[in-house]
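Peer 1: Show me how the following folds:
(4 chains)
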Protein chains: 2
Amino acid sequence: MQKTVVELEKASHVLKLLGDKTRLTIMAILKQRECCVCELLEVFDMSQPAISQHLRKLKDAGLVKEDKRGQWIYYSLNPQNELYDFIQDILQHVPDQTENIRKIEETNPTLRCGC
Amino acid sequence: MQKTVVELEKASHVLKLLGDKTRLTIMAILKQRECCVCELLEVFDMSQPAISQHLRKLKDAGLVKEDKRGQWIYYSLNPQNELYDFIQDILQHVPDQTENIRKIEETNPTLRCGC
DNA sequence: CATATATATAAGTAAATAGTTATATAATCA
DNA sequence: TGATTATATAACTATTTACTTATATATATG
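Peer 2: I've put the predicted structure just below:
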């Protein structure tokens, strides 16, 4: 398989971002399912601004994109990123997040309003 | 190909270690060639203790092993590490270090004594 | 329009991190 | 044995980081 060679500076920046437990978990969840902030809040024992700040860093690095729908902003992995296959190669080693997604869907914050 | 799934805690710890430019470069060099501290000193604009401290962290995490030969300690990647294939998957995206190895061999610190 | 909800931003803080210099340890060699 | 070389450790410091709480912005809804 053809592997993208990533500039060392860029590679270390991405690895530093993924080198945080919360952000790595967010990325692994977003690989399986787009989420808004309030959904991710169900997974982490952390304030809403903390989640928003992590997503900001991931977005600034282009790892994640946002899709504004009504009052929600849905986050997902950004396949346009030049490092996408590098990131995929990393995420394939990270545990499945079905259990965390179950947690989200149990409470289902987005659907509280019935939309 | 069979991919090892790495505990999230362990994965983020390794990614954090590799998320430093100096350490990532060290790992990429060691993938191509074992080195002692004095050799790595040729590559980085940094003090000897700084390099030693980075190697210590990599060793503590099992990413690197040491082989003491005379007054030198040769560092190399540790293939015994349970995360070895995870690390390889990351390093394959990192630029070739031949240029840095040339720098080392130009001065060739280990061979100054003629051993 | 007033209220509620979702999210972002700002400001502050404690802890972690990556470097520094000084010094200790250990092996080699004259 | 004394000097030199290779490396590690200790102590310190500036910077970065990951949170916190308070507040602002934006959308939806009664």
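Peer 1: Give me every residue in chain A lying close to DNA strand D.
Peer 2: With C-beta under 7 Å from any atom of the strand as the criterion, chain A comes near DNA strand D at residues A:16, A:19-22, A:46-47, A:49-50, A:53-54, A:57, A:70-71, A:113, A:115. For glycine as for every other residue, the C-beta is placed from the backbone atoms N, C-alpha and C.
Peer 1: For these, which entry has the maximal number of neighbours?
Peer 2: Counting neighbours by other C-beta atoms under 10 Å in any protein chain shown, the top entry in the residues of chain A next to DNA strand D is residue A:54, with 22 neighbours.
Peer 1: Counting by contacts, list what the worst-scoring helix or strand of chain A on mean pLDDT packs against.
Peer 2: Scoring the helices and strands of chain A by mean pLDDT, DSSP states H and E places helix A:98-107 at the bottom, with a mean of 93. Judged by 3 or more C-beta pairs under 8 Å, 6 or more residues apart in numbering or on different chains; DSSP states H and E, the packing partners of helix A:98-107 are helix A:21-32.
Peer 1: Repeat the analysis, applying 10 Å as the threshold.
Peer 2: On a contact count with 3 or more C-beta pairs under 10 Å, 6 or more residues apart in numbering or on different chains; DSSP states H and E, helix A:98-107 meets helix A:21-32, strand A:35-36, helix A:37-40.
Peer 1: Just want the most central residue of chain A.
Peer 2: Centroid check for chain A by C-alpha atoms, centre = their mean gives residue A:27 as the closest residue, at 3.2 Å.
Peer 1: residue contacts, it?
Peer 2: Shown in contact with residue A:27 (C-beta atoms under 10 Å, 6 or more residues apart in numbering or on different chains): A:17-18, A:20, A:54, A:58, A:63-64, A:77, A:87, A:90-91, A:94, A:97.
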